[in-house]
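Visitor: just coords:
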């Protein structure tokens, strides 16, 4: 039976672990604290507390795995948090699990294009943020170890949507002179992409953009939400909030991942909102 380690069994990691479990993989989930372990005590697979940035803790685990997924979250932390969790964590996992296929969930924020152009995995990475540079350094390390890099767009799904949260809180605004494209992907589509990349033993050990089919202008997101929720459009003006992913304006292509047979369940903002996010949001609001 194939075995997979989910190093970072959080919002994305749990959905990914559940998918591998249903498919018959044997798995183990790692989280950063005993408190997180307690929250996941009902899962049908073991979840333990391991700090992947600490080599001794990683090396102390006796199990081996066919695949290792590094999908821990910094929760928008500072550069030193990125370096500790991603770069040091990836190095420790690669050294401990030699022979395993390691997949790292990076970010499409490493593309810093400002002109609204389409970008692919071959496009220049122009991140001006130190956190983006650390992501690129980690990608290089993982690829050098024969691993796979999945560059995730902005994550949304049940209980999570930055666009919806800002709109509902009244913090959104429309700046006609500085509108930009939003690239997003549903949590469950990330899980299916990671499963495809690791279940297919023939998947090239390369970089893959994980994003839905249709980048959408932020103003269009707000216009759609205003209509569906019967609320007024946000006011014209400068944005009053800052994205954790940095400012850019590009459209990210998923053609490479689709060429392997991946098909998002939620290909557009409207479908994800209508089928998954708004129904959940309505219950919580």
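Guide: Good, I have the coordinates. This structure is a prediction, so every number in the text was calculated from the model and none was measured. Residues are numbered from 1 along each chain as shown.

Visitor: And stretch 258-274, what's buried?
Guide: By neighbour count, with 16 or more other C-beta atoms under 10 Å as the criterion, the buried positions of stretch 258-274 are 262, 264, 266, 267, 269, 271, 272, 273. From N, CA and C alone the C-beta is placed, and that goes for glycine too.

Visitor: and if you look at stretch 204-211?
Guide: With burial defined by 16+ other C-beta under 10 Å, the residues of stretch 204-211 counted as buried are 207, 208, 209, 210, 211.

Visitor: next one: stretch 53-66
Guide: In terms of neighbour count (16+ other C-beta under 10 Å), stretch 53-66 has its buried residues at 53, 58, 65, 66.

Visitor: can you count the residues close to the closest residue to residue 180 other than its chain neighbours?
Guide: Once its chain neighbours are removed from consideration, residue 180 has its nearest residue in residue 249; the separation is 3.8 Å (C-beta to C-beta, 6 or more residues apart in numbering). Residue 249 is surrounded by 18 other residues when neighbours are defined as other C-beta atoms under 10 Å.

Visitor: Okay, residue 204 and residue 141: tell me how far apart.
Guide: To residue 141, residue 204 is 18 Å away according to C-beta to C-beta, to the nearest Å.

Visitor: can you tell me the distance between the two ends of stretch 55-65?
Guide: Start and end residues of stretch 55-65 are separated by 17 Å (C-alpha to C-alpha, to the nearest Å).

Visitor: returning to that earlier point: taking the buried residues of stretch 258-274, tell me the two that lie furthest apart.
Guide: 262 and 273 (21.0 Å; C-beta to C-beta).

Visitor: which of the buried residues of stretch 258-274 lies closest to residue 181?
Guide: Closest approach between those and residue 181, by C-beta to C-beta: residue 269, at 11.1 Å.

Visitor: Could I get the phi/psi values of the residue nearest to that closest one when sequence neighbours are not counted?
Guide: Using C-beta to C-beta, 6+ apart and skipping residues adjacent in sequence, the residue nearest residue 269 is residue 216, 5.0 Å away. Backbone geometry at residue 216, expressed as degrees, to the nearest 10, gives phi -140, psi 140.

Visitor: Where does the prediction get shaky in the stretch 151-285 of the chain?
Guide: Using pLDDT under 70 as the threshold, the predicted model of the stretch 151-285 of the chain has low-confidence ranges 201-202, 238-246, 283-285.

Visitor: and stretch 21-31, how far apart are its ends?
Guide: Stretch 21-31 stretches 17 Å from its first residue to its last (C-alpha to C-alpha).

Visitor: same question but for stretch 247-260, I mixed them up
Guide: Using C-alpha to C-alpha, the end-to-end distance of stretch 247-260 comes to 30 Å.

Visitor: do stretch 46-55 as well
Guide: Across its full length, stretch 46-55 reaches 21 Å end to end, with C-alpha to C-alpha as the criterion.

Visitor: Residue 185 against residue 264, yeah?
Guide: Yes - here residue 185 reaches residue 264: they are 7.3 Å apart, a contact under C-beta atoms under 8 Å.

Visitor: Would you verify that residue 231 is located in a helix?
Guide: No - residue state for residue 231 (DSSP: H, G, I helix; E, B strand; the rest coil) corresponds to coil; a helix is not indicated.

Visitor: so how far is residue 186 from the residue nearest to residue 180?
Guide: Following C-beta to C-beta, the distance that separates residue 249 from residue 186 is 22 Å.

Visitor: Quick check: buried residues in the helix or strand containing residue 134?
Guide: When elements are defined using DSSP states H and E, residue 134 is found to belong to helix 130-144. When burial is assessed from 16+ other C-beta under 10 Å, helix 130-144 yields the following buried residues: 131, 132, 133, 134, 135, 136, 138, 139, 141, 142, 143.

Visitor: From these, pick the one nearest residue 8.
Guide: Of all the buried residues of helix 130-144, residue 138 has the smallest distance to residue 8: 13.1 Å, by C-beta to C-beta.

Visitor: So that closest one is in contact with residue 104, correct?
Guide: Yes - here residue 138 lies in contact with residue 104, judged by C-beta under 8 Å, at a distance of 6.2 Å.

Visitor: thinking again about what came up before, tell me the one among the buried residues of stretch 204-211 nearest to residue 75.
Guide: The shortest separation between residue 75 and any of those is 19.4 Å, and it belongs to residue 210 (by C-beta to C-beta).

Visitor: Run through the bridge partners of that closest one.
Guide: On the basis of DSSP bridges, residue 210 is bridged to residue 152.
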